[in-house]
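Peer 1: just a sequence and a predicted model for now, questions to come.
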Amino acid sequence: MPEYFELRHTVGFEETNLVGNVYYVHYVRWQGRCREMFLKRLAPEVLEDLRDDLKLFTLRVECEFFAEITAFDELSIRMRLIDLGQTQLEFGFDYVRLDPEGTGVETLVARGRQRVACMRGPNTRTVPSRVPDALLRALEPYRPRVPAAARRAA
């Protein structure tokens with residue numbers, strides 16, 4: 001199993017600016033979409049919880065750009081878990097352009113991060129809440145692995 005959750009995306013004209021490059025706001029939108037599809041595919045119980053009183057607040061979003069992409073580029077948006085606290089999580093996102101020729105060459109075009117807090121209660125009185133068990137189970141394969149040498153050194 002890969003160390004990341006992958007969402008494939010083909011860039012459309014509507015995601016580009018007048019020069020033909022992808023407008024930066026779409027990278028942030030793709031982070032949200034990747035997170036949503038992760039929940040839909042691997043943690044549907046959390047979606048039910050969101051319909052109740054769970055809220056996943058995005059506290060911070062960032063994105064660093066390395067190369068331009070244009071319409072019809074094929075992307076792999078790869079989400080991995082960077083940090084897991086009792087009430088907050090941090091995800092990392094790699095935006096990888098896939099080679100249309102099928103040679104297997106991949107290009108890292110951007111890298112992003114997203115910090116999320118779990119909250120419960122009515123909108124006027126939300127309080128921090130533990131990360132739901134269903135989400136913890138779904139995230140287990142994507143947790144950062146500590147190499148054995150690092151564990152021995154600690």
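Peer 2: Yes, it's here. Numbering: from 1, shown residues only.
Peer 1: longest strand anywhere in the chain?
Peer 2: Counting by DSSP state E, the longest strand found in the chain is strand 106-120.
Peer 1: packing partners of that one?
Peer 2: In this structure, strand 106-120 packs against helix 25-42, strand 54-65, strand 74-84, strand 88-98, strand 127-128, with contacts taken as 3 or more C-beta pairs under 8 Å, 6 or more residues apart in numbering; DSSP states H and E. Bear in mind the C-beta positions are built from the backbone N, C-alpha and C, glycine included.
Peer 1: can you rerun that using 10 Å?
Peer 2: Judged by 3 or more C-beta pairs under 10 Å, 6 or more residues apart in numbering; DSSP states H and E, strand 106-120 is in contact with helix 25-42, helix 44-52, strand 54-65, strand 74-84, strand 88-98, strand 127-128.
Peer 1: of all these, which lies closest to Tyr4?
Peer 2: When the helices and strands packed on strand 106-120 are compared by C-beta to C-beta, strand 74-84 sits nearest Tyr4, at 4.0 Å.
Peer 1: render the CA-only coordinates of the closest one in PDB, please.
Peer 2: Extracted in PDB, the C-alpha atoms of strand 74-84 (Å, rounded to 0.1, in the frame of the first residue of the first chain):
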ATOM      1  CA  GLU A  74      -2.600  14.900 -15.700                       C
ATOM      2  CA  LEU A  75      -2.000  15.300 -12.000                       C
ATOM      3  CA  SER A  76      -1.700  13.000  -9.000                       C
ATOM      4  CA  ILE A  77      -2.600  14.800  -5.800                       C
ATOM      5  CA  ARG A  78      -1.000  12.800  -3.100                       C
ATOM      6  CA  MET A  79      -2.100  13.300   0.500                       C
ATOM      7  CA  ARG A  80      -0.100  12.000   3.500                       C
ATOM      8  CA  LEU A  81      -0.500  12.500   7.200                       C
ATOM      9  CA  ILE A  82       2.300  14.700   8.600                       C
ATOM     10  CA  ASP A  83       1.100  15.200  12.200                       C
ATOM     11  CA  LEU A  84      -1.600  13.700  14.400                       C
END
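Peer 1: sounds good, over and out.
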